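> give me a 3D structure for the following:
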Amino acid sequence: MFTRRYKMMNNELMPDLSTPNQIPSRIEITTTEFDEMMAKGLEQAKNGQGKSLDEAFQIFEASINE
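So this is what the prediction gives:
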């Protein structure tokens with residue numbers, strides 16, 4: 001999951017497509033940060049913002065085959 005941020009460059013909006021190198025592992029974050037990530041994920045699930053397992057695997061497989 002990355003957000004789209006835009007920079008002004010040569011009077012044009014250019015997308016910043018940089019993403020973190022990796023998602024931090026559980027041992028790299030504090031309990032508070034972990035709890036916040038889990039709460040956000042739960043809220044997204046309750047709001048129907050998730051994907052089915054089949055859909056997620058289709059997206060994953062498509063990214064591998066590119």
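
> for Q44, pull up the helix or strand it's in.
Using DSSP states H and E, Q44 maps to helix 31-46.

> what's that helix packed up against?
Helix 31-46 sits against no helix or strand, with contacts defined as 3 or more CB pairs under 8 Å, 6 or more residues apart in numbering; DSSP states H and E. Backbone N, C-alpha and C define where each C-beta goes, glycine included.

> now the following helix or strand past it: average pLDDT?
Per DSSP H and E, helix 31-46 leads on to helix 53-64 as the next helix or strand towards the C-terminus. The average pLDDT within helix 53-64 is 89.

> pull the CA atoms of helix 53-64 into PDB?
Provided in PDB are the C-alpha atoms of helix 53-64 (Å, rounded to 0.1, in the frame of the first residue of the first chain):
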ATOM      1  CA  LEU A  53      -7.900 -14.000  -0.600                       C
ATOM      2  CA  ASP A  54      -8.400 -15.100  -4.200                       C
ATOM      3  CA  GLU A  55      -8.300 -11.500  -5.400                       C
ATOM      4  CA  ALA A  56      -5.100 -10.800  -3.400                       C
ATOM      5  CA  PHE A  57      -3.400 -13.800  -4.900                       C
ATOM      6  CA  GLN A  58      -4.400 -12.900  -8.400                       C
ATOM      7  CA  ILE A  59      -2.800  -9.400  -7.900                       C
ATOM      8  CA  PHE A  60       0.300 -11.000  -6.400                       C
ATOM      9  CA  GLU A  61       0.600 -13.600  -9.200                       C
ATOM     10  CA  ALA A  62       0.100 -10.900 -11.900                       C
ATOM     11  CA  SER A  63       2.900  -8.800 -10.300                       C
ATOM     12  CA  ILE A  64       5.300 -11.800 -10.400                       C
END
